[in-house]
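Participant: With the sequence up front, the predicted model follows.
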Amino acid sequence: MGKGPHEIRIDGKIVEAAKQRNNLYALLKLKPLFVWKGSVMTLFIDILKDALLDTAKLLPFLFLTYLAMEYLENCTTQHTVALLRNRRLAPILGGTLGVIPQCGFSSAAASLYSGGVITIGTLMAVFLSTSDEMLPLLLAGQVPAKDIIVILSLKVLFGIVTGLIIDGLVQIMMPNRKKHSIHELCEREHGDEESENIFKSAFLHTAKVSVFLFLITFLLGFIMESASLEHLLTAAQSMPLLCLFLSALIGLIPNCASSVAITTLYLEGVLAFPAMMAGLLSCAGIGLMVLFRTNRSWKENLLTVVTLYGSSVACGLVLFVIL
């Protein structure tokens, strides 16, 4: 196949003299989307350490969540459970707590939802407001405090409003929708073993989920190390709407690398504010992995992912039109 009029081939790669053009096809050919960095052994050790660290950071959240669920299963009244499922107050609380750095609250919310403790609206509020690695990066990038407050406030606001709307729609359209049960979740995790020691049961829950999270995080680590997300988003920079949809899609990846890539590109001026917000709104961190591990309904889980993506894109489009 012959070369184009402005193409030079170096080591099998095409370099175009007219690469300044914001042409997505040309840019994607200029650099592979998948590149291995460093030796295989170094890569393996780095990914292993990151997976262990990411899993270890979630252990306190997971253990306390399962301990609370064991307590709720054995010791609480219907009034207490009804209060936690309140469709007006719970999304507000969830959206506010979710903005705390890291993804501990999103993983906790996923488990609580699978156990029927919170509603789908509250879960969505937490997912949308989760900041993951965003806040530390914004602080490290010396972003003005007022700008950081605006970003965090928008995440909380969009999370709460979306959560309230979703709960309202579910109540109207599916009033007889079957609720999840703490007892069913705990029974699945316990198997045939029954334990009156809630600490032991919480520990077993945490251990099982942590092993699953570690394996998936380790696998995703290889994918994220080889995938040049920054290049993909940079290539789409000249197409704002495409960039917004793509950013929200990348945000769904249950790994901190997605929030790091999106925040970094925003700081470098590659991503516009609406695209950045769409991507960070869909960044639920490891919460999505916990949801798929603890909730057996894959149809419901996929619907949750689609809703999270659609809500993030919608919020980004609102900002795109306003700004």
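Facilitator: Thanks, I have it.

Participant: Would you mind listing where the protein has pLDDT under the threshold?
Facilitator: The model of the chain has pLDDT under 70 over residues 1-39, 70, 72-85, 103, 175-196, 223-237.

Participant: Now do the helices in the stretch 151-300 of the chain.
Facilitator: Remark: helices assigned in the stretch 151-300 of the chain by DSSP state H, counting those that start in this stretch are 182-190, 198-226, 229-235, 240-251, 256-267, 273-281, 287-294, 298-322.

Participant: Look at the nearest residue to residue 222 once chain neighbours are set aside and say how many residues are nearby.
Facilitator: Leaving out its chain neighbours, the residue that sits closest to residue 222 by Cβ to Cβ, 6 or more residues apart in numbering is residue 47, at 6.0 Å. The C-beta positions use only the backbone N, C-alpha and C, and glycine is treated the same way. Neighbourhood size, residue 47 [other Cβ atoms under 10 Å]: 19.

Participant: swap in the one 4 residues further on?
Facilitator: In terms of burial, residue 51 registers 21 neighbours under the definition other Cβ under 10 Å.

Participant: if I look at it, how far off is residue 213?
Facilitator: 9 Å (Cβ to Cβ, to the nearest Å).

Participant: Residue 320 now?
Facilitator: From residue 320 to residue 213 the distance is 34 Å (Cβ to Cβ).

Participant: More neighbours: which of those two?
Facilitator: Using other Cβ under 10 Å as the criterion, residue 320 and residue 213 rank with residue 213 on top: 22 against 18.

Participant: If you count neighbours, what's buried in stretch 261-278?
Facilitator: Using 16 or more other Cβ atoms under 10 Å as the test for burial, stretch 261-278 gives 261-267, 270-278.

Participant: what's the answer for stretch 305-315, then?
Facilitator: Buried residues in stretch 305-315 (16+ other Cβ under 10 Å): 305, 307-309, 311-313, 315.

Participant: do the same with stretch 314-323
Facilitator: Quick answer for stretch 314-323 (16+ other Cβ under 10 Å): 315-317, 319-320.

Participant: try stretch 59-71
Facilitator: 61-63, 65-70.

Participant: May I see those arranged in a markdown table, with secondary structure and distance to residue 164 as well?
Facilitator: Below are the buried residues of stretch 59-71 laid out as a markdown table (DSSP: H, G, I helix; E, B strand; the rest coil; distance: Cβ to Cβ, whole Å):
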| residue | secondary structure | distance to residue 164 |
| --- | --- | --- |
| 61 | helix | 25 |
| 62 | helix | 27 |
| 63 | helix | 30 |
| 65 | helix | 23 |
| 66 | helix | 27 |
| 67 | helix | 29 |
| 68 | helix | 24 |
| 69 | helix | 24 |
| 70 | helix | 29 |
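
Participant: ok, so of the residues you listed, who is nearest residue 170?
Facilitator: For these, the residue nearest residue 170 by Cβ to Cβ is residue 69; the value is 21.8 Å.
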